[in-house]
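Undergrad: Sequence unavailable; structure follows:
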């Protein structure tokens, strides 16, 4: 009896003997429902075709036989769609590995979709700070990066999208400077077309910068109010006056676009929720971020988590759309045994990138024309080569970071966060010139 993980490999085996008929009926869709049960969707014109109908019955019987509980009864296993091509355009899907004309539609209980990669259409360079595990100093590093960029005269827009564990604003804003509202307030008000009421009062300017500006958009306002009740509603889709459904991630994207139009930043820094959840999915795949920083400590939990994510992108056929935006950040590098630790981190990062993201060609062969993409292990320009962030006890507590940055020697920031800041600076220059 098949388990969930065996569904797709088993389907590849089932479809192999039917490839000629599948090509004739293409596209053939596999709908995997919320319970993990599958059935086929084909164009309705094949319903009256005697030969193809027999083939579909055979495939349905074989699927039921092989997948057992993960299949519908054979007589219920095929759906006919009036306009299959139009239907396919409306759905998020990926090709079944090994079968060119079969596509899988995954019905999920959540709106997040790690396989829907947005184009780089943003007019402002956007950088996402993400970690597969929490507690790695991600938010602290973002705050220090925002401070350093603003010291260069840049206007930096910072979004705290760690909605379920907010705190970044405390590093950049003292309590008396926090705005009345935050991202959660806008997402809830937008559901009832009331977003404009809070929009102008959800951004505050940090007093830390003396040359540029740091504009902070917190997860919630100075008074969180009914934060838990609001948080339970931010993920809601919105139905507009024309009956069109807008996912919560679409609404978040619209908010970010409007913030950038209103405040005209030079760069936007986004603090994502850690882990593989809906907030992280939206931040990484749907906000047109040109740089996605993957914070890592050298441990099995970190690398197994990133491998799961990379394998999903490869399986769903979007790895080429996302991989060039990624960059490993070596987080909380210890003060003792630093060189040995960084060497180990580099080796593990190289292993996972070369196995899951890079093309199987000699390292260093990169071609824009045929999308061949690979790097040598020790190439410092490679996305797997860590941008190092050193651990220091004075930066270990985010709560006290505002006062620490207010009095800090700029050289100390460069010592601890220098490679990260330099990398972000370069990405801003590159992305700014290409957008």
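TA: Received the coordinates, thanks. Everything numeric in this text was worked out from a predicted model, so none of it was measured.
Undergrad: As a check, name the ranges of all helices in the stretch 1-150 of the chain.
TA: For the stretch 1-150 of the chain, the helices defined by DSSP state H, counting those that start in this stretch cover 7-15, 19-25, 50-67, 84-90, 138-151.
Undergrad: cool, and the stretch 201-350 of the chain?
TA: 227-231, 248-263, 278-285, 300-315, 319-322, 338-356.
Undergrad: picking up where we left off before, in CSV, list the helices of the stretch 1-150 of the chain along with mean neighbour count.
TA: C-beta coordinates here come from the backbone N, C-alpha and C atoms, glycine included. Conversion of those to CSV gives the following (neighbours: other C-beta atoms under 10 Å):
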stretch, mean neighbour count
helix 7-15, 18
helix 19-25, 16
helix 50-67, 17
helix 84-90, 12
helix 138-151, 26
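Undergrad: now the strands for the stretch 301-435 of the chain?
TA: 326-333, 387-390 (DSSP state E, counting those that start in this stretch).
Undergrad: Among the helices of the stretch 1-150 of the chain, show the one with the smallest mean pLDDT.
TA: Note on these: lowest mean pLDDT is at helix 84-90, with a mean of 85.
Undergrad: tell me the centre residue of the protein?
TA: residue 284 (2.2 Å; C-alpha atoms, centre = their mean).
Undergrad: Single out the most deeply packed of the helices of the stretch 201-350 of the chain.
TA: Ranked by mean neighbour count, the helices of the stretch 201-350 of the chain are led by helix 278-285 with a mean of 23 (mean count of other C-beta atoms under 10 Å).
Undergrad: ok, residues contacting that helix?
TA: Under the criterion C-beta atoms under 8 Å, 6 or more residues apart in numbering, residues 110-118, 128, 130, 161-164, 235, 248-249, 252-253, 270, 272-274, 289, 292, 322 lie in contact with helix 278-285.
Undergrad: now, which of those residues lie within strands?
TA: Secondary structure assignment by DSSP state E places 128, 130, 270, 292 of those in strands.
Undergrad: tell me the contacts of the first one?
TA: Spelled out, it's residue 128. For residue 128, the contact set (C-beta under 8 Å, 6+ apart) comprises 270, 272, 283-284, 287, 289, 291-293.
Undergrad: is it true that residue 77 touches residue 60?
TA: Yes: contact criterion C-beta atoms under 8 Å: residue 77 and residue 60 qualify, at 3.8 Å.
Undergrad: shared neighbours of the two, which are they?
TA: Residues touching both residue 77 and residue 60 by C-beta under 8 Å, 6+ apart: 39-40.
Undergrad: domain parsing for this protein?
TA: As recorded under automatic domain parsing, the domains making up the chain are 4-106, 126-434.
Undergrad: Compute the number of surrounding residues for residue 225.
TA: Close neighbours of residue 225, defined as other C-beta atoms under 10 Å, add up to 13.
Undergrad: I misspoke; the intended subject was residue 175.
TA: Neighbours around residue 175, by other C-beta under 10 Å: 9.
Undergrad: Surely it and residue 223 touch.
TA: No: taking contacts as C-beta under 8 Å, residue 175 lies outside contact range of residue 223: 10.7 Å.
Undergrad: thinking again about what came up before, would you write out the PyMOL command that picks the buried residues out of the contacts of helix 278-285?
TA: Here is the PyMOL selection string for the buried members of the contacts of helix 278-285, based on 16 or more other C-beta atoms under 10 Å:
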select buried, resi 112+113+114+115+116+117+118+128+130+161+162+163+235+248+249+252+253+270+272+273+274+289+292+322
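Undergrad: picking that back up, let me have the helices of the stretch 1-150 of the chain in JSON lines, adding distance to residue 300 as columns.
TA: Formatted as JSON lines, these follow (distance: least, C-beta to C-beta, whole Å):
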{"stretch": "helix 7-15", "distance to residue 300": "25"}
{"stretch": "helix 19-25", "distance to residue 300": "40"}
{"stretch": "helix 50-67", "distance to residue 300": "32"}
{"stretch": "helix 84-90", "distance to residue 300": "39"}
{"stretch": "helix 138-151", "distance to residue 300": "19"}
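Undergrad: how about the ones you listed, which one is nearest residue 338?
TA: Among these, helix 138-151 comes nearest to residue 338, with 17.0 Å by C-beta to C-beta.
Undergrad: got the angle between that closest one and strand 326-333?
TA: 110 degrees (axes from the mean of the first three to the mean of the last three C-alpha atoms, to 10 degrees).
Undergrad: what does stretch 191-204 rub up against?
TA: Stretch 191-204 has contacts (C-beta under 8 Å, 6+ apart) with 169, 173, 177-183, 185-186, 189, 215-218, 221, 233, 236, 238, 255, 258-259, 262-263.
Undergrad: Filter these down to just the buried residues.
TA: Buried among the contacts of stretch 191-204 (16+ other C-beta under 10 Å): 169, 173, 178-179, 181-183, 185-186, 189, 215-218, 221, 236, 238, 255, 259, 263.
Undergrad: so of the residues you listed, which ones are in strands?
TA: 215-217, 238.
Undergrad: which regions of the stretch 101-250 of the chain lie under the pLDDT threshold?
TA: Applying pLDDT under 70 to the stretch 101-250 of the chain flags residues 109, 111-112.
Undergrad: Do I have it right that residue 317 meets residue 93?
TA: No: Residue 317 is not in contact with residue 93 according to C-beta under 8 Å; the separation is 9.4 Å.
Undergrad: Identify the contacts common to the two.
TA: Counting by C-beta under 8 Å, 6+ apart, nothing touches both residue 317 and residue 93.
Undergrad: Between the two, which is the more surrounded one?
TA: residue 93 (20 against 15).
Undergrad: Please list all residues in contact with the more buried one.
TA: 29, 103-106.
Undergrad: and it, what are its bridge partners?
TA: residue 105 (DSSP bridges).
Undergrad: separation between it and residue 268?
TA: 30 Å (C-beta to C-beta, to the nearest Å).
Undergrad: Check residue 57 too.
TA: For residue 57, the distance to residue 268 - C-beta to C-beta - is 54 Å.
Undergrad: what does stretch 250-268 rub up against?
TA: For stretch 250-268, contacts defined as C-beta under 8 Å, 6+ apart pick out 118, 122-127, 149, 154-159, 161, 183, 186-187, 190, 195, 199, 203, 212, 215, 217, 238, 246, 282, 286-288, 424, 428, 432.
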